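Visitor: A structural model of the following input is requested.
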Amino acid sequence: MVLWLAQYVVGLVSPALEPSTQGKRAFCYLETMIYSVPPILAAVFLARRLYPLHYMRTAMSLALAAGMIPALYMQIACMYVPAHILQFHILPGLSMVLAGAAIAALWRLPR
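Guide: Numbering: from 1, shown residues only. Below is the predicted model of the structure:
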């Protein structure tokens with residue numbers, strides 16, 4: 001994943017394709033976040049059976065995976081500009097790690 005992200009950082013200086021706004025979506029950052037919530041909830045619910053030793057770390061890893069999948073697919077559906085991809089596709093996908101940690105913390109509260 002680090003190599004995949006690094007190609008967009010390098011793309012700021014030397015883009016692989018010609019930057020284009022063709023296919024621009026108005027709310028691609030929101031779509032990335034919304035598409036990652038159901039897999040996060042399902043994964044945290046399944047991990048809630050207390051099998052993992054580090055529940056919060058497990059939830060954060062699951063949320064990272066669930067956030068990066070829509071970020072990857074959004075690049076097919078949206079425009080190709082490396083700065084846009086980093087800001088509106090990758091960053092919302094990475095921010096889902098915090099959402100996964102918050103969901104895990106709320107589900108782990110004593111009842």
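Visitor: What backbone torsions are found at the closest residue to Trp4 other than its chain neighbours?
Guide: Of all residues not flanking Trp4 in the chain, Leu72 sits nearest, at 7.8 Å (CB to CB, 6 or more residues apart in numbering). All C-beta spots, glycine's among them, are computed from the backbone N, C-alpha and C. Dihedral pair for Leu72: phi -70, psi -50, per degrees, to the nearest 10.
Visitor: Return the distance of Leu72 relative to Leu46.
Guide: Separation of Leu72 from Leu46 (CB to CB, to the nearest Å): 22 Å.
Visitor: okay, those two: which has more neighbours?
Guide: Leu72 (14 against 10; other CB atoms under 10 Å).
Visitor: where's the more buried one relative to Pro15, distance?
Guide: For Leu72 relative to Pro15 (CB to CB), the value is 18 Å.
Visitor: what's the next secondary structure element after whichever strand or helix holds Thr58?
Guide: Assigned by DSSP states H and E, Thr58 belongs to helix 55-77. Note on helix 55-77: by DSSP H and E, the next helix or strand toward the C-terminus is helix 82-85.
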